[in-house]
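>>> just coords:
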């Protein structure tokens, strides 16, 4: 194709400049009979056609000859491929079992498989490979294998003084030793032929910069890669159990070193997640972890749809602030840090957050700098690097959902459910605190759990006299509500009042008994009528 394009360009150039012809690109040989004849009058000795367009139709320029030659080369290459003993894949673990590699740099024949050696003798030889590493040769003997030629013939090859090097990946055939024995070689880009006394004895197939000796395919055996592909890219680590629980499985060579499959690397790659933290904060509130939780599907009564958490790495105490918009997060986090420092007489030194834009703003960074707090950022899109805060958010949102589903309260109470769950978690033992709770770690006092109540418990909430109407003496002195949380002081509770649409704090309430229709109704079918029985009539 390239020569055709050059010829076409020269044709056009000759038409435009018939006098000043550039003949640098058209070097040809001419016989005596051709001298003095015009090119357009010459006849190609291959296709018997005359030249045209002033370029001539000589044998070297004959397109028919080039096309025929190219076709023969393609056919020869196809025949060459069809006679191969193996179809070689890509990586080193994918070479056929028992492969030999022709190497011009190695000083001796070497193999990692001692079963290929006959009459082995102990040897103590150090072998230096290309990367400078030294390997131990344990034995020396005669290596034997069968070579396959492209014409289908086979030869039995015996390599004397071959070394057994167990740490090698493949068997290496030393061309230096072959040449010293009187062998010669010829070849091109399609392969190398080794001759002894002008007789072909070995053929090497080029692959990935290496030359693999052509060998007949082993009957009944498959390579690790071939079996890996047949079994839908099953990991080689699972091959060991196949033979005991399957039938007609061909022998599989042992895996040496690591196994790499390009397709599996592209399709199955996963991130490595660290299981444990390498270091831990030495004191309470030395390091806090913070993260903004995604928006709720329903807003709270105050209009909040987000929350930001702050978790102490040492005590695991947690606190949250609800946000109407994400840009409120920096101020809310600084407020929680200031409150913790004042309440527990601590000094926060490190804050770990993700790369959210609100928590990387100049205003927030300047605020941390004034407090002398170091800001650590997680890796973008890898939540595990901020796993403490991210895991806490996931856990408490799950607890809040369970509280809402169990109580039957509307989803707008999600903020109260979150606060209720966090209040309880701060007072129950934590697995990493040797049975202690975050509250006990920070205050030194065991938490009192006697006042805890189920979320959403129905109650009659007392209405203070100042909140009653003028004719209050004739009206109810309580209002129906549901317990949704706890106040700052002991025996203070938060109640959601559906009739008012907001949450009130009170210490005076009475559990409300909900009366309803029977939960179970038994229906019995008789031949003449339906009999409906409720628990009250049983």
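That came in fine, so what should we check first? Nothing here was measured: the structure is a model prediction, and the numbers come from that model.
>>> could you list the low-pLDDT ranges of the stretch 51-200 of the chain?
By pLDDT under 70, the weakly predicted segments of the stretch 51-200 of the chain are 51-61, 63-98.
>>> show me the helices in the stretch 351-500 of the chain, by range?
Along the stretch 351-500 of the chain, the segments classed as helices by DSSP state H, counting those that start in this stretch run 362-371, 387-407, 414-425, 438-443.
>>> same question for the stretch 101-250 of the chain.
With helices called from DSSP H, counting those that start in this stretch, the stretch 101-250 of the chain shows them at 175-180, 224-230, 242-245.
>>> before we move on, back to that, which of the helices of the stretch 351-500 of the chain sits most buried?
Sort these by mean neighbour count, taking mean count of other CB atoms under 10 Å, and helix 414-425 sits at the top with a mean of 22. (C-beta placed from N, C-alpha, C; glycine too.)
>>> counting contacts, what elements does that one pack onto?
strand 318-323, helix 387-407, strand 478-486 (3 or more CB pairs under 8 Å, 6 or more residues apart in numbering; DSSP states H and E).
>>> out of the ones you listed, nearest to residue 444?
strand 318-323 (19.0 Å; CB to CB).
>>> now the following helix or strand past the closest one: buried residues?
Once strand 318-323 ends, the next helix or strand along the chain (criterion: DSSP states H and E) is helix 329-344. Buried residues in helix 329-344, counted by 16 or more other CB atoms under 10 Å: 329-334, 336-337, 340.
>>> starting at the chain centroid, how far to helix 329-344?
38 Å (CA atoms, centre = their mean, to the nearest Å).
>>> list of residues touching that helix?
Defining contact as CB atoms under 8 Å, 6 or more residues apart in numbering, one finds that helix 329-344 is touched by 284-285, 288, 290, 292, 306, 308, 310, 312, 319, 321, 323, 346-348, 351, 353, 356, 358-359, 361, 363-364, 367, 371, 373, 442.
>>> now do stretch 359-367
Outside stretch 359-367, the residues within contact range by CB under 8 Å, 6+ apart are 290, 292, 329-330, 333-334, 353, 358, 375, 377.
>>> just the closest of the residues you listed to residue 189, please.
residue 377 (52.7 Å).
>>> reformat the helices and strands packed on helix 414-425 as JSON lines; add distance to residue 495 and mean pLDDT.
What follows is the helices and strands packed on helix 414-425, written out as JSON lines (distance: least, CB to CB, whole Å; pLDDT from 0 to 100):
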{"stretch": "strand 318-323", "distance to residue 495": "19", "mean pLDDT": "94"}
{"stretch": "helix 387-407", "distance to residue 495": "13", "mean pLDDT": "90"}
{"stretch": "strand 478-486", "distance to residue 495": "4", "mean pLDDT": "91"}
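>>> before we move on, the earlier item: which one of the helices of the stretch 101-250 of the chain lies nearest to residue 264?
Nearest of the helices of the stretch 101-250 of the chain (CB to CB): helix 224-230, 8.3 Å.
>>> of all the contacts of stretch 359-367, which two lie farthest apart?
Greatest spacing in the contacts of stretch 359-367, by CB to CB: 334 and 377 (16.8 Å).
>>> can you pull out the strands in the stretch 201-350 of the chain?
Residue ranges of the strands in the stretch 201-350 of the chain, as given by DSSP state E, counting those that start in this stretch, are 210-213, 287-293, 306-312, 318-323, 350-353.
>>> the second one pairs with which strands?
Looking back up the chat, that one is strand 287-293. Here strand 287-293 has these sheet partners by DSSP bridges: strand 306-312 (antiparallel), strand 350-353 (parallel).
>>> need those in TSV with distance to residue 499, can you?
Formatted as TSV, the entries for the strands paired with strand 287-293 read as follows, by distance: least, CB to CB, whole Å:
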stretch	distance to residue 499
strand 306-312	27
strand 350-353	41
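>>> adding mean neighbour count, mean pLDDT and distance to residue 451, write the ones you listed out as CSV.
Converted to CSV, those look like this (neighbours: other CB atoms under 10 Å; pLDDT from 0 to 100; distance: least, CB to CB, whole Å):
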stretch, mean neighbour count, mean pLDDT, distance to residue 451
strand 306-312, 24, 94, 24
strand 350-353, 21, 93, 33
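>>> nearest to residue 296, of those?
Across the strands paired with strand 287-293, residue 296 has its closest neighbour in strand 306-312 (7.6 Å, CB to CB).
>>> make JSON lines from the strands of the stretch 201-350 of the chain and add distance to residue 508 to it.
Converted to JSON lines, the strands of the stretch 201-350 of the chain look like this (distance: least, CB to CB, whole Å):
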{"stretch": "strand 210-213", "distance to residue 508": "88"}
{"stretch": "strand 287-293", "distance to residue 508": "34"}
{"stretch": "strand 306-312", "distance to residue 508": "30"}
{"stretch": "strand 318-323", "distance to residue 508": "27"}
{"stretch": "strand 350-353", "distance to residue 508": "41"}
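>>> how about these, which one is nearest residue 477?
Shortest distance between residue 477 and the strands of the stretch 201-350 of the chain, using CB to CB, is found for strand 318-323: 32.6 Å.
>>> for residue 215, find the nearest of the strands paired with strand 287-293.
Residue 215 lies closest, by CB to CB, to one member of those: strand 350-353, at 58.5 Å.
>>> ok, residues contacting the closest one?
281, 286-291, 313, 333, 337, 359, 368, 373-378, 386, 388-389.
>>> now list the buried members of those residues.
Among the contacts of strand 350-353, those classed as buried by 16+ other CB under 10 Å are 281, 286-291, 313, 333, 337, 359, 368, 373, 378, 386, 388-389.
>>> quick check: the gap between residue 228 and residue 209.
Look at residue 228 and residue 209: by CB to CB, to the nearest Å, they are 23 Å apart.
>>> apologies, that question was intended for residue 240.
Separation of residue 240 from residue 209 (CB to CB): 33 Å.
>>> again, but for residue 199
Counting by CB to CB, the gap from residue 199 to residue 209 is 28 Å.
>>> okay, those two: which has more neighbours?
residue 199 (8 against 5; other CB atoms under 10 Å).
>>> shouldn't residue 200 be in contact with residue 193?
Yes. When contacts are counted by CB atoms under 8 Å, residue 200 is listed as touching residue 193 (5.5 Å).
>>> turn the contacts of stretch 359-367 into JSON lines, columns for distance to residue 151.
Formatted as JSON lines, these follow (distance: CB to CB, whole Å):
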{"residue": "290", "distance to residue 151": "75"}
{"residue": "292", "distance to residue 151": "73"}
{"residue": "329", "distance to residue 151": "77"}
{"residue": "330", "distance to residue 151": "79"}
{"residue": "333", "distance to residue 151": "79"}
{"residue": "334", "distance to residue 151": "83"}
{"residue": "353", "distance to residue 151": "71"}
{"residue": "358", "distance to residue 151": "75"}
{"residue": "375", "distance to residue 151": "73"}
{"residue": "377", "distance to residue 151": "67"}
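>>> which one of those is nearest to residue 103?
Nearest to residue 103 among the contacts of stretch 359-367 is residue 377, at 50.3 Å by CB to CB.
>>> grab the nearest non-local neighbour of that closest one.
Spatial nearest neighbour of residue 377, excluding adjacent residues (CB to CB, 6 or more residues apart in numbering): residue 355 at 5.4 Å.
>>> which ones are touching the one you found?
Taking CB under 8 Å, 6+ apart as the test, what residue 355 contacts is 377-378, 380.
>>> how near is residue 127 to residue 169?
13 Å.
>>> please read the previous query as pertaining to residue 261.
Going from residue 261 to residue 169 by CB to CB gives 16 Å.
>>> all strands for the stretch 401-538 of the chain, in order.
458-462, 478-486, 493-497, 502-506, 509-511, 522-525, 530-533.
>>> figure out which of those is closest to residue 142.
Across these, closest to residue 142 is strand 478-486 (CB to CB), at 85.9 Å.
>>> what about the nearest residue to residue 423 once chain neighbours are set aside, neighbour count?
Spatial nearest neighbour of residue 423, chain neighbours left out: residue 486 (5.6 Å); criterion: CB to CB, 6+ apart. Using other CB under 10 Å, residue 486 has 19 other residues around it.
>>> again with residue 170
A total of 19 residues lie near residue 170 under the criterion other CB under 10 Å.
>>> before I go, just wanted to say thanks for your time.
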